[in-house]
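1. Got a sequence here, can you build the structure:
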Amino acid sequence: PDEAERGARLATAQPGGAALLGTLGAVLRDRGRLAEAESAWVRAGRERAIDSLTALVNIGVLRANRGDRDGARRIFDRFIDVYNSRRSEFTSEDLSAVALACRHLGDDDPQLFKDALKAYDAAIALDPTNLEARIALGELFVDKYNGADAKSTLDAVLEINPFDPRALVAAAARADADNAPGVDSLIARALAVNPEYVPARVMLARALLDLERFDDAQREVERALRVNPASREAVAVAAAIAFVKGDTREYERQHARAQALNARDGAFYATVSEAAARVRRYGVAAD
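-> Sure thing, here's the model as predicted:
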């Protein structure tokens, strides 16, 4: 991560470096430096970088993730107007940004998930080598419990690049949702490629928590948080581990941390409740 950030900063300081501001923002986001990431993306838009639409949708996602639903929605709504007025000019990456905006708008209007699907399909049709769009489409299928389409989409990505950590974790999530074999091996493959890949560490921690291997789960989630201290998923798992161990002080510390990241994060409580239910504390889980 240090080398990625140094390289991105060096590149953005060169003539024409605005083209890599989006990349710098993504690196900073993945390290939990969210304010700096947003600044990089704002600058990408101001300097009209080639990926300025991707930068804009990423700002919207940041705002959604910190609980600013109104601010996020204002950004996502802009994509509908931009798409209708400029669709013939769009690149595959632009269409992926439109799809991501529609995916978030779908939280309030489920019909817009269909528009997200169409935009991802259009992005892939325009550039079949856009693996990020294919993976995002696979993740959308996973989220919507469409295991068959998720599997075929992600299998196609992994045939092209069997070493993509994001695709491997998405495939693991699909297998887990379908109670299919191979979850552990897919996570292991992702971590063999990138030992610091936070989604893989968090997924492994969840699996170890389910097995009541609390100390092992703790080590995995701590490693994830060292890379990205702003990972809401990692914080929630850390809180769940503390909760089922009866470590009230640590639970409250992680709860406060989650509240600082997003005071309206219902997923935090869902993660803790699932852990409580697995250790048969059903009343607490329901609460």
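2. Quick check: phi and psi at the spatially most central residue of the chain.
-> Computing the C-alpha centroid of the chain and ranking residues by Cα atoms, centre = their mean puts residue 199 first, at 7.8 Å. Backbone geometry at residue 199, expressed as degrees, to the nearest 10, gives phi -60, psi -30.
3. Verify the contact between it and residue 169 for me.
-> Yes. The criterion here is Cβ atoms under 8 Å, and residue 199 meets it with residue 169 at 4.9 Å. Bear in mind the C-beta positions are built from the backbone N, C-alpha and C, glycine included.
4. ends of stretch 188-199, how far apart?
-> Stretch 188-199 has an end-to-end distance of 12 Å (Cα to Cα, to the nearest Å).
5. tell me which residues of it are tucked away?
-> For stretch 188-199, the neighbour count (16 or more other Cβ atoms under 10 Å) marks 189, 190, 191, 194, 196, 197, 198, 199 as buried.
6. Would you format these as JSON lines with pLDDT, distance to residue 65 and secondary structure included?
-> Converted to JSON lines, these look like this (pLDDT from 0 to 100; distance: Cβ to Cβ, whole Å; DSSP: H, G, I helix; E, B strand; the rest coil):
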{"residue": "189", "pLDDT": "98", "distance to residue 65": "27", "secondary structure": "helix"}
{"residue": "190", "pLDDT": "98", "distance to residue 65": "22", "secondary structure": "helix"}
{"residue": "191", "pLDDT": "98", "distance to residue 65": "24", "secondary structure": "helix"}
{"residue": "194", "pLDDT": "96", "distance to residue 65": "22", "secondary structure": "coil"}
{"residue": "196", "pLDDT": "95", "distance to residue 65": "20", "secondary structure": "coil"}
{"residue": "197", "pLDDT": "97", "distance to residue 65": "18", "secondary structure": "coil"}
{"residue": "198", "pLDDT": "98", "distance to residue 65": "14", "secondary structure": "helix"}
{"residue": "199", "pLDDT": "98", "distance to residue 65": "14", "secondary structure": "helix"}
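7. of all those residues, which two lie farthest apart?
-> 189 and 198 (15.9 Å; Cβ to Cβ).
8. for the buried residues of stretch 188-199, which one is nearest residue 16?
-> Nearest to residue 16 among those, with distances taken as Cβ to Cβ, is residue 194, at 28.3 Å.
9. For that closest one, which non-adjacent residue is closest in space?
-> residue 165 (4.8 Å; Cβ to Cβ, 6 or more residues apart in numbering).
10. The one you found: neighbour count?
-> 20 (other Cβ atoms under 10 Å).
11. contacting residues for it?
-> 190, 191, 193, 194, 197, 199, 200 (Cβ atoms under 8 Å, 6 or more residues apart in numbering).
12. In those, find the pair that's most separated.
-> 193 and 199 (12.4 Å).
13. Which stretches in the stretch 1-150 of the chain count as helices?
-> Applying DSSP state H, counting those that start in this stretch to the stretch 1-150 of the chain gives helices spanning 2-12, 21-30, 34-46, 52-65, 69-86, 92-105, 112-126, 131-143, 147-160.
14. Only alpha carbons, please: show the strand or helix carrying residue 244 as PDB.
-> According to DSSP states H and E, residue 244 maps onto helix 232-245. Below are the C-alpha coordinates for helix 232-245, written out as PDB (Å, rounded to 0.1, in the frame of the first residue of the first chain):
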ATOM      1  CA  ARG A 232     -16.800  -0.400   8.500                       C
ATOM      2  CA  GLU A 233     -17.100  -4.200   7.800                       C
ATOM      3  CA  ALA A 234     -13.900  -4.900   9.800                       C
ATOM      4  CA  VAL A 235     -15.000  -2.700  12.700                       C
ATOM      5  CA  ALA A 236     -18.300  -4.500  12.800                       C
ATOM      6  CA  VAL A 237     -16.600  -7.900  12.900                       C
ATOM      7  CA  ALA A 238     -14.200  -6.700  15.600                       C
ATOM      8  CA  ALA A 239     -17.300  -5.600  17.600                       C
ATOM      9  CA  ALA A 240     -19.000  -8.900  17.000                       C
ATOM     10  CA  ILE A 241     -16.000 -10.800  18.300                       C
ATOM     11  CA  ALA A 242     -15.800  -8.700  21.400                       C
ATOM     12  CA  PHE A 243     -19.600  -9.100  22.000                       C
ATOM     13  CA  VAL A 244     -19.600 -12.900  21.800                       C
ATOM     14  CA  LYS A 245     -16.500 -13.100  24.000                       C
END
